[in-house]
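Undergrad: Predicted structure and sequence below. I'll ask about it afterward.
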Amino acid sequence: MIKVLFVCVHNSARSQMAEAFLNDLGRDYFVAESAGFEPSPINPLIIKVMNEIGYDLSSNETKSVFDFFKEGRLYSIIVKVCDQENGQRCPVFPLTLTTLDWNLEDPANFTGTEEEKLKKARDLRNKIRENVIDMINTYKGSI
């Protein structure tokens, strides 16, 4: 099994969605976890849009990347889902074979009406799912 860590700032949206998708769609090849360096509660928009497609994140807890580091956890792949293009910091995890940068917008920064924010959250969810499927197809043969 390939161990994957999805990291972002708060572990409240992007990394949680990616972890859920990979543990479901790639369960025969991958084991995924997620963490952030400033954990905060799961974004309600994300709970809603993931629930629409059968993923219940309402009881998920956010985790600290520093706790994982202190525990000495090792991963084959680290996926940074931070919005680095807009200056968002993203944790660095040493001793990793592969690091991927997905550079995804933070839903905490979505603006507009509730429906406009939901549309942006759905678009983000679908993009993350596509990225996860691409990652599965790229790396599943390496085990």
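TA: Received it, and whenever you're ready, just let me know what you need.
Undergrad: any idea where the helices of this protein begin and end?
TA: Counting by DSSP state H, the chain has helices at residues 14-25, 44-51, 65-70, 114-139.
Undergrad: Can you tell me which of the ones you listed is most buried?
TA: helix 14-25 (a mean of 24; mean count of other C-beta atoms under 10 Å). C-beta here means a position set from N, CA and C on the backbone, and glycine is covered the same way.
Undergrad: Point out the other helices and strands that that helix packs with.
TA: The contact analysis (3 or more C-beta pairs under 8 Å, 6 or more residues apart in numbering; DSSP states H and E) places helix 14-25 against strand 2-8, strand 30-36, helix 44-51, helix 114-139.
Undergrad: So which other helices or strands are in contact with the third one?
TA: Secondary-structure packing of helix 44-51 (3+ C-beta pairs under 8 Å, 6+ apart): helix 14-25, helix 114-139.
Undergrad: give the contact list for residue 14.
TA: 6, 8, 81, 82, 102, 104, 106, 107, 124, 128 (C-beta atoms under 8 Å, 6 or more residues apart in numbering).
Undergrad: From the centre of the chain, point out the most distant residue.
TA: residue 113 (24.6 Å; C-alpha atoms, centre = their mean).
Undergrad: where does that one fall, phi/psi-wise?
TA: phi -70, psi 170 (degrees, to the nearest 10).
Undergrad: got a list of what it touches?
TA: Neighbours of residue 113 in contact, by C-beta under 8 Å, 6+ apart: none.
Undergrad: Can you lay out the helices and strands packed on helix 44-51 as CSV showing mean pLDDT and distance to residue 75?
TA: As requested, the helices and strands packed on helix 44-51 are exported to CSV (pLDDT from 0 to 100; distance: least, C-beta to C-beta, whole Å):
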stretch, mean pLDDT, distance to residue 75
helix 14-25, 97, 12
helix 114-139, 96, 12
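Undergrad: For those, could you give me a markdown table that also reports distance to residue 64?
TA: Below are the helices and strands packed on helix 44-51 laid out as a markdown table (distance: least, C-beta to C-beta, whole Å):
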| stretch | distance to residue 64 |
| --- | --- |
| helix 14-25 | 12 |
| helix 114-139 | 21 |
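Undergrad: how about the nearest residue to residue 112, chain neighbours excluded?
TA: residue 120 (7.4 Å; C-beta to C-beta, 6 or more residues apart in numbering).
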